[in-house]
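*Asks:* Kindly generate the corresponding structure for this input.
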Amino acid sequence: MTYEQIKEKAELIKWWHSIDLTSDDGLVYTTKGEVNHCTENIANNRFGMPLDLKGKTVLDIGCWDGYFSFLAEKRGGNVSGIDPLQGCSHFERGTDGFEFSRTVLNSKVDFYKFSLQDYYKTNQWDITLYYGVLYHVENPITELKALSQCTKEYSLIETAISQNDYGNKSVWEFNNGFDNDSTNFWYPNLKGLENALIYAGFNRMEVIYSDNIRCTVKAIK
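*Replies:* A predicted model of the protein is given here:
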């Protein structure tokens, strides 16, 4: 597909992720994502993405346009992505951002239009990616138990957290509709998140990143 063909089709899609798509003529078109975290430096340092995933199975939960799915594949992972909301933004042939990117990138990432609750009993993965999903879940304990059950080694979890200082208390704030989004529900502090992860079946939690608004943690089996 030429650069102009990629550009024409990509600009009919409402993108969440910025993904570099290389054309047959060697030019790179970057999709116009709404978020600014789609760089390898941020993926490595803020989201904790491993540099080497050779031989690892990876499940990207809530993958949306697939930036982290395709990056994990690029780093050697055998990757599946799931997202029940994918396909909400179409161009004229009804193809969503993930499918379009997968075609241009000649990717082998599997995609399923499922939520974690639909999918977690099917298989287990060495590593699970759970970026930007937890605060959208109405029942976080049920969700974290499912996450634990489908994870063999560890899960990388990025989420919004409580902006209040509770000291060493374990807290989950319920704040439905926060930031003008009716799908936002729960905001734990780090202690609350750690306790919930251990209760759900993980052995321990390591903090990779925290700015007191969002965090990334590594939940280890």
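*Asks:* how close does Gln124 get to Pro140?
*Replies:* Using Cβ to Cβ, to the nearest Å, one gets 21 Å for the distance from Gln124 to Pro140. (Each C-beta comes from the backbone N, C-alpha and C, glycine too.)
*Asks:* neighbour count winner among these two?
*Replies:* Pro140 (21 against 15; other Cβ atoms under 10 Å).
*Asks:* Mind checking the pLDDT average for the lengthiest strand in the chain?
*Replies:* Determined from DSSP state E, the single longest strand within the chain is strand 151-160. Here strand 151-160 scores 98 as its mean pLDDT.
*Asks:* With stretch 15-26 instead?
*Replies:* According to the model, stretch 15-26 has a mean pLDDT of 94.
*Asks:* Also stretch 72-84?
*Replies:* Stretch 72-84 carries an average pLDDT of 96.
*Asks:* Assign a three-state SS to Phe111, would you?
*Replies:* strand (DSSP: H, G, I helix; E, B strand; the rest coil).
*Asks:* Phi first, then psi, for the nearest residue to it once chain neighbours are set aside.
*Replies:* Nearest in space to Phe111, with sequence neighbours left out and distances taken as Cβ to Cβ, 6 or more residues apart in numbering, is Gly81 at 5.0 Å. Geometry field for Gly81 lists phi and psi as phi -120, psi 140, criterion degrees, to the nearest 10.
*Asks:* same question, Arg102
*Replies:* With angles defined as degrees, to the nearest 10, Arg102 sits at phi -60, psi -40.
*Asks:* Does it touch Phe111 like I think?
*Replies:* Yes - applying Cβ atoms under 8 Å, one finds Arg102 in contact with Phe111, separated by 7.0 Å.
*Asks:* So for these two, which residues contact both of them?
*Replies:* Common neighbours of Arg102 and Phe111 (criterion: Cβ atoms under 8 Å, 6 or more residues apart in numbering): Gly66.
*Asks:* contacting residues for Ser170?
*Replies:* Ser170 neighbours (Cβ under 8 Å, 6+ apart): Asn189, Lys191, Gly192, Glu194, Asn195.
*Asks:* now these as a markdown table including pLDDT?
*Replies:* Formatted as a markdown table, those follow (pLDDT from 0 to 100):
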| residue | pLDDT |
| --- | --- |
| Asn189 | 98 |
| Lys191 | 98 |
| Gly192 | 98 |
| Glu194 | 98 |
| Asn195 | 98 |
